[in-house]
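[1] Fold the following and give me the result.
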Amino acid sequence: MNDVIGVAEVSLEKKQPEGGLGNFMADAFLIMAAEKYNTKVDVAFVNSGGVRLNQLPAGNITTCKIFELMPFDNLLILQKVKGDVLQQVLDLAAAKGGWPIAGLTMQLKDKKAINVNIGGKPLDLNATYTIANSDFIANGGDNADMLRNVPQITNGYLMRDALLDYIKKEKSQGRNISAKIENRVSNAQ
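    Have a look, this model is predicted:
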């Protein structure tokens, strides 16, 4: 558990509406879901309550630290949702102050998600998007009832394992873990 699996270049903080720790996690889920399910994933997110540390300090990252960050055995699952359902999920995230996301940008205004862009294009309410998230959220946790009846694609891959695999993958390619604020989620003026 104390084996070093990678290095954080900077201290990653949990913040809302957007923080480096959440961006790192959402990026890991987006990349590893696409790899493990062998498909294009449009959006990945994690509810803020699922991020169990306030900080991943700069320096060595151990397996133990990732278990602290993600202590639950939540599965990283895929769902295919229409844009109108995705809008409801994003509105829920907005009402809760913003969730860590990858693959899209949005602004928060009056507890709603506005100016949503996925892959650089405006959210199409009639299009179908592949999202990666936790089985907890997909089963309606954190008030995500709109996802409860959407079929889940799962292969038993744990979110924690996605983080561990992502860190090891980055290390094997000579990269440390880093994330910055990119205005993925911002407050509208």
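[2] Any idea how many residues pack against Lys40?
    10 (other C-beta atoms under 10 Å). Every residue, glycine included, has its C-beta placed from N, CA and C.
[3] can you map out the strands along the chain?
    For the chain, the strands defined by DSSP state E occupy 4-8, 12-13, 43-45, 55-56, 59-62, 76-82, 101-102, 104-109, 112-118, 121-122, 128-134, 185-187.
[4] Other residues contacting the second one?
    Contact partners of strand 12-13, identified using C-beta atoms under 8 Å, 6 or more residues apart in numbering, comprise 19-21, 24, 54-56, 177, 179.
[5] do the same with the third one
    In this structure, residues lying in contact with strand 43-45 by C-beta under 8 Å, 6+ apart are 26-27, 29-30, 33, 86, 89, 93, 99-104, 118, 129-133, 137.
[6] Which members of these are classed as buried?
    Among these, those scoring as buried are 26-27, 29-30, 33, 86, 89, 93, 99-104, 118, 129-133, 137 (criterion: 16 or more other C-beta atoms under 10 Å).
[7] could you give me the average pLDDT of stretch 46-57?
    Averaged across stretch 46-57, the pLDDT comes to 91.
[8] Quick check: buried residues in it?
    By neighbour count with 16+ other C-beta under 10 Å, stretch 46-57 contains the buried residues 46-48, 50-51, 53, 56.
[9] Tabulate those in TSV, adding columns for distance to Gln173.
    Shown next, in TSV, are those (distance: C-beta to C-beta, whole Å):
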residue	distance to Gln173
Val46	23
Asn47	29
Ser48	29
Gly50	27
Val51	25
Leu53	25
Leu56	19
